[in-house]
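Student: Please work out how this folds:
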Amino acid sequence: MRDKITRNNKYGLPQAIARPQIKASKSLNLASPEGQQIIKSETKLALKTHMATFKRLADM
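Tutor: Numbers count the residues shown, from 1 in each chain. Alright, predicted model coming up:
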């Protein structure tokens, strides 16, 4: 059995662990036609997913 060393903060919760940053392995050119298609499809998906939220914000 592994012994786990945890350090708790003043609230009794475990402290955050410093983790290495992950660098992007791909670069996307959003100015190309393929990039523009990605932007359009992601925008449509966001609008469809959050339709009720955008409607409430528009009615404010």
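Student: From now on I want contacts and neighbour counts done on CA atoms only, so please keep to that.
Tutor: OK.
Student: how far does the lengthiest helix in the chain sit from the chain's center?
Tutor: If you go by DSSP state H, the chain has its longest helix at helix 33-49. How far helix 33-49 lies from its chain's middle: 16 Å, per Cα atoms, centre = their mean, to the nearest Å.
Student: That helix packs against which elements?
Tutor: Applying 3 or more Cα pairs under 8 Å, 6 or more residues apart in numbering; DSSP states H and E, one finds that helix 33-49 makes contact with no other helix or strand.
Student: same thing but at 10 Å, please
Tutor: Contacts defined by 3 or more Cα pairs under 10 Å, 6 or more residues apart in numbering; DSSP states H and E place helix 33-49 against helix 51-58.
Student: So what angle separates the directions of the helix it packs on and helix 33-49?
Tutor: Here the directions of helix 51-58 and helix 33-49 differ by 80 degrees (axes from the mean of the first three to the mean of the last three Cα atoms, to 10 degrees).
Student: Where does the prediction get shaky in the chain?
Tutor: 1-6 (pLDDT under 70).
Student: Repeat the analysis, applying 50 as the threshold.
Tutor: Applying pLDDT under 50 to the chain picks out residues 1.
Student: how about the longest helix of the chain as PDB, C-alpha atoms only?
Tutor: This file holds the C-alpha atoms of helix 33-49, laid out as PDB (Å, rounded to 0.1, in the frame of the first residue of the first chain):
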ATOM      1  CA  PRO A  33     -10.400  28.200 -45.300                       C
ATOM      2  CA  GLU A  34     -10.100  25.200 -43.100                       C
ATOM      3  CA  GLY A  35      -9.700  27.400 -40.100                       C
ATOM      4  CA  GLN A  36     -12.600  29.500 -41.000                       C
ATOM      5  CA  GLN A  37     -14.700  26.400 -41.300                       C
ATOM      6  CA  ILE A  38     -13.600  25.400 -37.800                       C
ATOM      7  CA  ILE A  39     -14.600  28.800 -36.500                       C
ATOM      8  CA  LYS A  40     -18.000  28.600 -38.100                       C
ATOM      9  CA  SER A  41     -18.800  25.100 -36.900                       C
ATOM     10  CA  GLU A  42     -17.700  25.800 -33.400                       C
ATOM     11  CA  THR A  43     -19.700  29.000 -33.300                       C
ATOM     12  CA  LYS A  44     -22.800  27.200 -34.500                       C
ATOM     13  CA  LEU A  45     -22.300  24.500 -31.900                       C
ATOM     14  CA  ALA A  46     -21.900  27.100 -29.100                       C
ATOM     15  CA  LEU A  47     -25.000  29.000 -30.200                       C
ATOM     16  CA  LYS A  48     -27.000  25.800 -30.400                       C
ATOM     17  CA  THR A  49     -25.800  24.500 -27.000                       C
END
